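> Build me a model from this:
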Amino acid sequence: MGLAVALGAVTARYVPVTAIDWQGLVQGRNIKEVWLEALGKNLTAPYQVLILGVDQQEGQKFAGRTDTIMVLKFDPAGKITLLSVPRDTQVQIPGVGTAKVNAANVYGGIEEVKATIGELLPNIHLDRYVRIDTRGLGAVIDAIGGVEVEVPDRMFYEDKTQGLLIDLYPGKQVLNGRQAEAFSRYRGDINADIGRIKRQQLLLQAVQRKLSSPWTIARLKPLIDTIKSHIDTDLTVDEMIALTSFSLSTPPDRIETLTLPGTPTTEAGASYWITDSDTIDREISPKFNRQ
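Presented below is the predicted three-dimensional model:
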């Protein structure tokens, strides 16, 4: 009960006291469940959201390449499905021709990205999108006090032109925002971009675990305020709270992570991830069925 009172003090600015089931807490209700309920925003229909991590360009915050591309399905039945699309996936961009999917945002902004993803995944309907700048993930992780991950190998890479330094040693450790960004961007292992995707998925799972603590849930609304300056989205605040609350209440074994199937190849000196529409229709599309 002491923790509940402390959480009440922290949450008072964001959640009406009358919205909190104090009697339920006294009787032993799960604290996390009570606080998510008190936020008052519930997921009532499936949502499929396109998530894009955008490299920053001088003077153009969301105009860079989308080197992180994910589709998230939030199912009210209590499941989340996350599909990662390799940034080197070969696509056809109108007026451009053969290109990597991560270039679509550069050529035509969010509408070009949605059209390109729509061609790549024709049976997957996208309800909303979120573009996050390169500092957004780090800002959230710093705001929640870091996340614990297992760094599998020594990671070192330096690019002075981008002001990027990746310098991590193997082992379980708590990463701050800058380190977590480095962990998610590193491509120096044998698996290159596919290895980077796996690390991004591990990092998101670590963030979900950290956010699921009652102390963090109590600050959910200010955390959303923290990230708002780093995102471009057509989600409303209520939708963001509902989807975040749903994510935090979803058990890890109900979160499925996928990578768009394909094979690596090189054409004209450029590396590509080549997909097959039949494989996508058979293995991926059914998992994003709206019914």
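> for residue 198, helix, strand, or coil?
Following DSSP: H, G, I helix; E, B strand; the rest coil, residue 198 is assigned to helix.
> what's the neighbour count on it?
Using other Cβ atoms under 10 Å, residue 198 has 16 neighbouring residues. Any C-beta I mention is one placed from the backbone N, CA and C, and that applies to glycine too.
> Distance check, it against residue 84.
If you measure residue 198 against residue 84 using Cβ to Cβ, to the nearest Å, the figure is 9 Å.
> can you list residues touching both of the two?
The contact sets of residue 198 and residue 84 overlap at residue 259 (Cβ atoms under 8 Å, 6 or more residues apart in numbering).
> ok so residue 45 is a strand residue?
No: counting by three-state DSSP, residue 45 falls outside a strand, being coil.
> Please point out which parts of stretch 173-190 sit buried.
Residues of stretch 173-190 classed as buried by neighbour count (16 or more other Cβ atoms under 10 Å): 175, 177, 179-187.
> for the residues you listed, which one is nearest residue 55?
Using Cβ to Cβ, the shortest approach to residue 55 within those belongs to residue 185, at 9.5 Å.
> check contacts around that closest one.
With contact taken as Cβ under 8 Å, 6+ apart, residue 185 is in contact with 67, 164, 166, 196.
> Can you select the buried ones from those in ChimeraX?
In ChimeraX, this line selects whichever of these come out buried by 16+ other Cβ under 10 Å:
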select :67,166,196
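> Pipe the contacts of residue 185 into TSV and attach pLDDT and secondary structure per row.
Output for the contacts of residue 185, formatted as TSV (pLDDT from 0 to 100; DSSP: H, G, I helix; E, B strand; the rest coil):
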residue	pLDDT	secondary structure
67	85	strand
164	72	strand
166	86	strand
196	80	helix
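> and the contacts of residue 185 as a markdown table, adding distance to residue 96?
Converted to a markdown table, these look like this (distance: Cβ to Cβ, whole Å):
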| residue | distance to residue 96 |
| --- | --- |
| 67 | 18 |
| 164 | 27 |
| 166 | 31 |
| 196 | 24 |
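> now, which of the contacts of residue 185 sits nearest residue 92?
residue 67 (19.7 Å).
> Show me the helices in the stretch 101-250 of the chain, by range?
With helices called from DSSP state H, counting those that start in this stretch, the stretch 101-250 of the chain shows them at 104-120, 136-143, 177-185, 192-211, 214-217, 220-228, 237-249.
> and the gap between the residue nearest to residue 180 when sequence neighbours are not counted and residue 148?
In space, and not counting its chain neighbours, residue 180 is closest to residue 141: 4.7 Å by Cβ to Cβ, 6 or more residues apart in numbering. Distance of residue 141 to residue 148, computed by Cβ to Cβ: 11 Å.
> Common neighbours of the two, please.
Once Cβ under 8 Å, 6+ apart is applied, the residues that residue 141 and residue 148 both contact turn out to be residue 175.
> More neighbours: the two, which one.
For residue 141 versus residue 148, neighbours defined as other Cβ under 10 Å are more numerous around residue 141 (24 against 11).
> Verify the stated contact: the more buried one with residue 182.
No: Residue 141 is not in contact with residue 182 according to Cβ atoms under 8 Å; the separation is 11.4 Å.
> Can you tell me the closest non-neighbouring residue to residue 149?
Leaving out its chain neighbours, the residue that sits closest to residue 149 by Cβ to Cβ, 6+ apart is residue 206, at 4.9 Å.
> and that neighbour, how many neighbours?
Number of residues near residue 206 (other Cβ under 10 Å) recorded here: 20.
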